[in-house]
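Colleague: What would the 3D arrangement of this be:
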Amino acid sequence: MPEKRVTIFHPIDLLGRKIGGIETFIKNFIKYAPQEFSMEFVGVTGQEGLGKVGEWREVDLYGRRVRFFPVLQVEDENVRTRVPLSLKFTLALFWYRSRIPTEGRILEFHRIETSIPFKGLDNPKVLFVHGHVMDIYNPHSEVKWARFPALYFRLEKHLMCEFGRVYVVREDGAEFYRKKYPALKERFHFLPTWVDVDLFFPYPPDKREKKRRELAQVYGFSPDDDLLLFVGRLEGQKDPFLLVEVFRGLVASRRDVGLIIVGTGSLEGEVKEKFKAYGILDKVVFTGVLPQPELADLLRVCDLFIMTSAFEGMPRSVLEALACGLPVVTTDVGEVRRVVRDGVSGLVCHSRDPEVICKAVRKVLGGGIDRDKCVASIKSYTAKSVLEPVYGFYYQLA
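Modeller: Now for the predicted structure:
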């Protein structure tokens with residue numbers, strides 16, 4: 001079968017440790033792509049010596065060879081800068097445009113503005129939208145476009161016709177676009193998030209308990225403590241201050257709990273100060289960004305996964321938690337109700353009141369959730385099952 005060439009554009013380091021669902025999406029998309037797909041990635045480099053700006057090189061990703069072309073050096077992918085990285089990345093694409101071959105390639109984008117340097121090319125183009133575009137107006141949004149929404153929507157209108165297919169990870173987001181662009185409505189498709197079950201799976205009960213006690217000792221918790229896990233960027237969208245209030249209420253009602261926070265972000269210092277002011281910082285561990293295998297180990301042994309986001313698409317971290325058998329308590333955002341079923345795999349909170357969420361946490365910790373049912377809840381959302389029709393469409397494009 002002839003080789004299919006796909007070039008993906010996004011401002012991340014393919015070998016880096018940026019935390020976020022889009023990054024995992026892209027890496028899994030490459031991992032599971034059919035072997036006759038030749039994968040290329042145009043991004044940034046955040047690690048000295050591992051990628052030289054403006055030069056193509058081959059890298060290994062999950063045992064697969066990928067051509068990698070960084071157009072920008074970044075100091076820390078997980079730290080937001082005054083000038084948006086997507087803007088700097090788009091300008092760098094213009095600068096290196098002549099070194100990026102496009103002939104015979106499908107061009108894949110995960111931010112609409114990064115497609116500007118390739119406007120007008122007759123290449124097949126695909127856009128992935130990782131949320132609902134109207135979340136730009138959410139007061140918790142840290143996206144710089146929130147300051148200039150009219151400009152963003154003018155740009156979107158100018159570019160949307162360039163894409164032969166637009167995948168949206170929220171069903172209401174896809175429907176929104178169909179109504180907004182009726183002449184293009186056949187191009188918009190809902191694409192659920194998936195989980196890599198090769199990496200995220202549960203431990204047998206005896207192994208889990210042994211590992212759980214080891215983890216408690218490593219992090220300074222009592223073996224009898226219930227361990228909560230939060231995974232995500234410490235930014236406005238994830239609303240870590242709501243997490244602080246929920247945990248404060250939980251500790252006030254029961255002392256035998258601990259909280260592990262995986263991730264980093266611009267609000268980390270303020271979040272720590274909040275915990276300290278409430279006198280509960282000693283019951284919280286900040287791990288920073290972890291490699292996926294280490295994250296999977298945490299998900300297998302903790303007692304509850306908590307998410308306090310203000311808005312989401314279809315959060316990958318929730319699927320990863322459930323795949324490891326970990327019950328979830330979450331705010332009612334995005335597509336979480338597809339997998340988090342009340343009393344079966346966790347609880348979805350209608351209110352953002354800390355006490356309501358705290359009550360849900362206490363209820364789930366009290367028992368009644370079958371870990372096997374948590375795993376069963378994501379059986380329709382594995383990488384292979386979700387991505388198969390996408391690759392099928394790429395075959396058509398090629």
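Colleague: Confirm Phe230 sits in a helix?
Modeller: No. With DSSP: H, G, I helix; E, B strand; the rest coil as the criterion, Phe230 is located in strand rather than a helix.
Colleague: So what pairs up with the closest residue to it other than its chain neighbours in the strands?
Modeller: For Phe230, ignoring the flanking residues on the chain, the nearest one in space by Cβ to Cβ, 6 or more residues apart in numbering is Ile261 at 4.9 Å. (C-beta placed from N, C-alpha, C; glycine too.) Taking DSSP bridges as the rule, Ile261 bridges to Phe230, Phe286.
Colleague: got the contact list for Ile261?
Modeller: Residues near Ile261 by Cβ atoms under 8 Å, 6 or more residues apart in numbering: Phe230, Leu234, Pro240, Leu243, Val271, Val284, Val285, Phe286, Thr287.
Colleague: Out of those residues, which is nearest to Ser222?
Modeller: Ranked by distance to Ser222 (Cβ to Cβ), those are led by Val285 at 13.3 Å.
Colleague: Who are the contact partners of that closest one?
Modeller: Val285 sits next to Tyr219, Gly220, Gly258, Leu259, Ile260, Ile261 when contact means Cβ under 8 Å, 6+ apart.
Colleague: so what's the third one up against?
Modeller: Taking Cβ under 8 Å, 6+ apart as the contact definition, Gly258 lies against Ala216, Tyr219, Phe221, Asp225, Asp226, Leu227, Leu228, Lys283, Val284, Val285.
Colleague: That one - that's part of a helix, no?
Modeller: No. Counting by three-state DSSP, Gly258 is not part of a helix but strand.
Colleague: Once you drop chain neighbours, what's closest to it?
Modeller: Nearest to Gly258 is Phe221, by Cβ to Cβ, 6+ apart, at 4.2 Å.
Colleague: Check the gap between that neighbour and Asp256 for me.
Modeller: 9 Å (Cβ to Cβ, to the nearest Å).
Colleague: who's more crowded, those two?
Modeller: Neighbours per residue, other Cβ atoms under 10 Å: of Phe221 and Asp256, the larger number sits with Phe221, 21 against 12.
Colleague: roughly how far apart are the more buried one and Phe305?
Modeller: Counting by Cβ to Cβ, the gap from Phe221 to Phe305 is 17 Å.
Colleague: what do you get for Gly131?
Modeller: To Phe305, Gly131 is 20 Å away according to Cβ to Cβ.
Colleague: One more: Leu326?
Modeller: Leu326 is 5 Å from Phe305, by Cβ to Cβ.
Colleague: now the helices: where do they sit in the protein?
Modeller: With helices called from DSSP state H, the chain shows them at 21-31, 85-95, 149-159, 171-180, 205-219, 240-253, 268-277, 292-301, 316-323, 354-365, 371-376, 383-397.
Colleague: Can you name the residues that contact the residue nearest the centre of the chain?
Modeller: In the chain, the centroid-proximal residue (Cα atoms, centre = their mean) is Gly21; its distance is 1.3 Å. Applying Cβ under 8 Å, 6+ apart to Gly21 gives the contacts His130, Thr193, Gly313, Pro315, Arg316, Ser317.
Colleague: For the last one, grab the count of nearby residues.
Modeller: Yep, that's Ser317 we're talking about. Neighbour number of Ser317 under other Cβ under 10 Å is 28.
Colleague: Nearest spatial neighbour of it, chain-adjacent residues omitted?
Modeller: Val231 (4.5 Å).
Colleague: what about the one you found, how many residues close to it?
Modeller: Val231, neighbours per other Cβ under 10 Å, totals 24.
Colleague: That one touches Leu259, doesn't it?
Modeller: No. With contact defined as Cβ atoms under 8 Å, Val231 does not count as touching Leu259 (11.7 Å).
Colleague: what's the most buried one of the helices of the chain?
Modeller: Comparing these by mean neighbour count (mean count of other Cβ atoms under 10 Å), helix 316-323 comes out on top with a mean of 28.
Colleague: who does that one touch, helix- and strand-wise?
Modeller: helix 21-31, strand 226-231, helix 292-301, strand 304-307, strand 328-331, helix 371-376 (3 or more Cβ pairs under 8 Å, 6 or more residues apart in numbering; DSSP states H and E).
Colleague: Distance to Cys161 and mean pLDDT for the ones you listed - can I get that in a markdown table?
Modeller: Output for the helices and strands packed on helix 316-323, formatted as a markdown table (distance: least, Cβ to Cβ, whole Å; pLDDT from 0 to 100):
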| stretch | distance to Cys161 | mean pLDDT |
| --- | --- | --- |
| helix 21-31 | 23 | 93 |
| strand 226-231 | 37 | 97 |
| helix 292-301 | 37 | 96 |
| strand 304-307 | 36 | 98 |
| strand 328-331 | 35 | 98 |
| helix 371-376 | 42 | 97 |
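Colleague: so which of the ones you listed comes closest to Arg165?
Modeller: helix 21-31 (13.9 Å).
Colleague: Let me know the angle separating that closest one from helix 292-301.
Modeller: Interaxial angle, helix 21-31 versus helix 292-301 (axes from the mean of the first three to the mean of the last three Cα atoms, to 10 degrees): 110 degrees.
Colleague: OK, contacts around Arg187?
Modeller: Counted by Cβ under 8 Å, 6+ apart, Arg187 has contacts Phe163, Gly164, Arg165, Val166.
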